[in-house]
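# missing the sequence, but the structure's below:
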């Protein structure tokens, strides 16, 4: 065998090894960038859903402060929690034009639809005039959002609305806090619920 034939074989072998290594490195970098991009998109969708829901909660709380659960009422006492919850739900329902959040900078089909359900606090032992209410969020992401973000966080707000004066604290949920319908409230808990 002569040396010239061996040089060509060695060069071909080194070229093939280099090509395989370059291809492997390119695939590794591509999957890493794609994975990181998906994680960023998912976090962005979760953040958008969270702030949309916080806006709904804050709107409901501002309506409590402005309306005292009644238009034209001076001071109401002995109002059941189950009678206050539909009024809070009506405040949330006023935001019908602000339930679907679209982000055209992402894509035409990128949207998150939010909703909130108000109810009397479901803690066992709740007294009928405790003044404790809760609001639970729900989301309906478009297919594009769902495929990139997975499950969006659900929020729950627990609030006491039976306060006579600003700075008061609600008593335990198991006692009658007066059933007052006033402009004062106290947030007991705002939590992320576990994913369904």
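In hand now; what should we look at? None of the values given here were measured: they were computed from a predicted structure. Residues are numbered from 1 along each chain as shown.

# please, where are all the strands along this structure?
With DSSP state E as the criterion, the chain has strands at 100-102, 111-120, 132-141, 154-163, 184-193.

# for residue 65, which of the ones you listed is the nearest?
Closest to residue 65 of the strands of the chain, according to CB to CB: strand 184-193, at 7.2 Å. (C-beta placed from N, C-alpha, C; glycine too.)

# could you check the pLDDT of the residue nearest the centre of the chain?
For the chain, residue 50 is the residue whose C-alpha lies nearest the centre (CA atoms, centre = their mean; 3.3 Å). pLDDT for residue 50: 85.

# so it makes contact with residue 137?
No: between residue 50 and residue 137 there is no contact under CB atoms under 8 Å: 9.3 Å.

# what residues are shared contacts of the two?
Listed as contacting both residue 50 and residue 137 by CB atoms under 8 Å, 6 or more residues apart in numbering are residue 155.

# if we can go back for a sec, for residue 141, see how far away the residue lying closest to the residue nearest to the centre of the chain once chain neighbours are set aside is.
Using CB to CB, 6 or more residues apart in numbering and skipping residues adjacent in sequence, the residue nearest residue 50 is residue 153, 6.1 Å away. Separation of residue 153 from residue 141 (CB to CB, to the nearest Å) stands at 12 Å.

# likewise for residue 179?
For residue 179 relative to residue 141 (CB to CB), the value is 39 Å.

# distance between stretch 145-159 and the chain's centre?
Stretch 145-159 sits 4 Å away from the centroid of its parent chain (CA atoms, centre = their mean, to the nearest Å).

# for the lengthiest helix in the chain, packing partners?
Longest helix of the chain, by residue count under DSSP state H: helix 3-67. For helix 3-67, the contact count by 3 or more CB pairs under 8 Å, 6 or more residues apart in numbering; DSSP states H and E identifies helix 81-93, strand 111-120, strand 132-141, helix 143-149, strand 154-163, strand 184-193 as packing neighbours.

# residue 161 is in contact with residue 134, isn't it?
No: in this structure, residue 161 is not within contact of residue 134 by CB under 8 Å, at 11.0 Å.

# which one of these two has more residues nearby?
Higher neighbour count among residue 161 and residue 134: residue 161, with 28 against 20, using other CB atoms under 10 Å.

# let's have the helices and strands packed on helix 3-67 in TSV, adding mean pLDDT.
Below are the helices and strands packed on helix 3-67 laid out as TSV (pLDDT from 0 to 100):
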stretch	mean pLDDT
helix 81-93	90
strand 111-120	90
strand 132-141	88
helix 143-149	74
strand 154-163	84
strand 184-193	77
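
# in TSV, list the ones you listed along with distance to residue 171.
Formatted as TSV, those follow (distance: least, CB to CB, whole Å):
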stretch	distance to residue 171
helix 81-93	13
strand 111-120	16
strand 132-141	10
helix 143-149	41
strand 154-163	8
strand 184-193	11
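
# so which of those comes closest to residue 99?
Set against residue 99 and scored by CB to CB, those come closest in strand 111-120, at 5.6 Å.
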